[in-house]
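K.L.:
below are the sequence and a predicted model for it; my questions follow.
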Amino acid sequence: MHANPFATLPAESTSGAQEATRQPLAFALAAGLATLLSIVLGNLIAQLRYPQYAEYLLDNLHSHLPAWCFSILLAALTAALLSRGYLERYGSTLSRPMPLLLGLAIALLVVGQVYGLLAGLLLGNVYQWISDSSLPAALIQEPLGLLDFALTCVLPLWLCLRLGAKAPAAAGFAPRHEAALLLALSIALLSLKGLLLLPLYLQEGGWVSLVYFAPLLYGALVFACAWQTLPPRLARIRPGQLVLTALAIFLVWLLVHLLVAGVLLVSAFSGSDALLQPAPLIIAGLAVLALLWPLTLLGLCWIYRAEAA
């Protein structure tokens with residue numbers, strides 16, 4: 001017999017598909033909140049050990065806040081991407097998500113504090129050597145930061161997903177705003193990381209600190225383009241392909257930035273200041289910003305290739 005085309009999906013199947021859509025968001029919130037608590041706890045411990053730490057923190061808050069926001073958003077984005085990819089790969093949902101989310105938050109908090117303590121004890125001489133040497137600090141600090149991220153964020157997330165009880169999920173769909181938001185956050189975090197890699201003397205307070213709000217504009221532009229381009233319902237998010245798309249868009253856009261900066265630098269050294277006037281600089285900045293829209297469109301069409309549900 002042919003199936004009734006007017007029959008509705010069973011309630012269990014519909015609720016299972018909805019649960020599979022909500023769980024990555026829950027993982028993102030748990031990871032972001034745990035990272036925030038870890039930052040607060042770390043600062044409280046530092047204040048107890050060093051009474052002058054509060055004064056130092058207030059004097060350097062403009063440089064610490066962007067780094068804290070980056071850490072929180074990176075943990076949330078990683079949790080959303082990893083959980084979505086894992087559940088899509090195995091076609092399942094977590095049957096008991098609340099205990100797992102609580103365990104994840106505790107694991108991230110404890111592992112982060114333990115790693116910070118051990119890193120301070122074992123790598124203290126390394127950090128001192130970096131500060132005393134003439135080498136760029138990023139050459140050592142960035143690999144150590146990647147190790148920190150892998151051990152304190154990715155590993156607990158993977159273990160929680162691996163060990164959590166799972167149930168088969170009915171075939172459903174993913175809303176386009178989820179893919180658009182993940183892509184926009186990826187571009188925004190890549191841009192923010194680029195700003196954090198600038199030398200410290202370029203990050204000092206004043207109006208320069210407003211540059212840290214630029215990634216919000218980039219993310220909003222990418223989100224609007226992705227929202228318009230993607231189909232309303234996606235068969236799968238495919239987080240790996242989404243991250244690859246974000247990297248391709250950002251790298252091409254960064255190359256455009258370097259080309260524009262090179263042209264301005266050549267103009268400055270040649271003695272011509274025609275391109276260094278406010279009007280040409282504003283036009284160049286707006287043109288580079290507007291280029292993010294077609295780059296996002298091309299990335300979604302050529303690399304991501306969304307699958308409509």
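P.N.:
In hand now; what should we look at?
K.L.:
against which helices or strands is the helix ranked longest in the chain packed?
P.N.:
Ranked by residue count and defined by DSSP state H, the top helix of the chain is helix 11-49. On a contact count with 3 or more Cβ pairs under 8 Å, 6 or more residues apart in numbering; DSSP states H and E, helix 11-49 meets helix 53-59, helix 61-90, strand 92-94, helix 97-122. Where C-beta positions appear, they are placed from N, C-alpha and C, glycine not excepted.
K.L.:
next structured bit after the helix or strand of the chain at the bottom of the mean pLDDT ranking?
P.N.:
One helix or strand of the chain scores below all others by mean pLDDT, DSSP states H and E: helix 124-132, with a mean of 69. Going down the chain from helix 124-132, the next helix or strand is helix 138-149, by DSSP states H and E.
K.L.:
quickly list the domain ranges of this protein.
P.N.:
Listed domain ranges for the chain are 10-172, 174-309 (source: automatic domain parsing).
K.L.:
lowest average pLDDT across these?
P.N.:
The minimum mean pLDDT among the domains of the chain belongs to domain 10-172 (a mean of 84).
K.L.:
between the helices and strands packed on helix 11-49, which one is nearest to Leu196?
P.N.:
Closest of the helices and strands packed on helix 11-49 to Leu196 is helix 61-90, at 6.1 Å (criterion: Cβ to Cβ).
K.L.:
counting by contacts, list what that closest one packs against.
P.N.:
Against helix 61-90 (3+ Cβ pairs under 8 Å, 6+ apart) you get helix 11-49, helix 155-163, helix 176-196, helix 239-269.
K.L.:
returning to that earlier point: can you list the domains of the chain in TSV and add mean neighbour count?
P.N.:
Shown next, in TSV, are the domains of the chain (neighbours: other Cβ atoms under 10 Å):
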stretch	mean neighbour count
domain 10-172	16
domain 174-309	16
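K.L.:
got a list of what Leu87 touches?
P.N.:
Ala20, Gln23, Pro24, Thr93, Leu94, Ala169 (Cβ atoms under 8 Å, 6 or more residues apart in numbering).
K.L.:
from Ile283, how far off is Trp267?
P.N.:
Small correction: residue 267 is Ser, not Trp. 14 Å (Cβ to Cβ, to the nearest Å).
K.L.:
which residue is nearest the centroid of the protein?
P.N.:
Leu74 (3.8 Å; Cα atoms, centre = their mean).
K.L.:
could I get the helices and strands packed on helix 61-90 as TSV with distance to Leu65?
P.N.:
Shown next, in TSV, are these (distance: least, Cβ to Cβ, whole Å):
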stretch	distance to Leu65
helix 11-49	10
helix 155-163	25
helix 176-196	11
helix 239-269	23
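K.L.:
out of these, which comes closest to Gly299?
P.N.:
Per Cβ to Cβ, nearest to Gly299 of these: helix 239-269, 4.4 Å.
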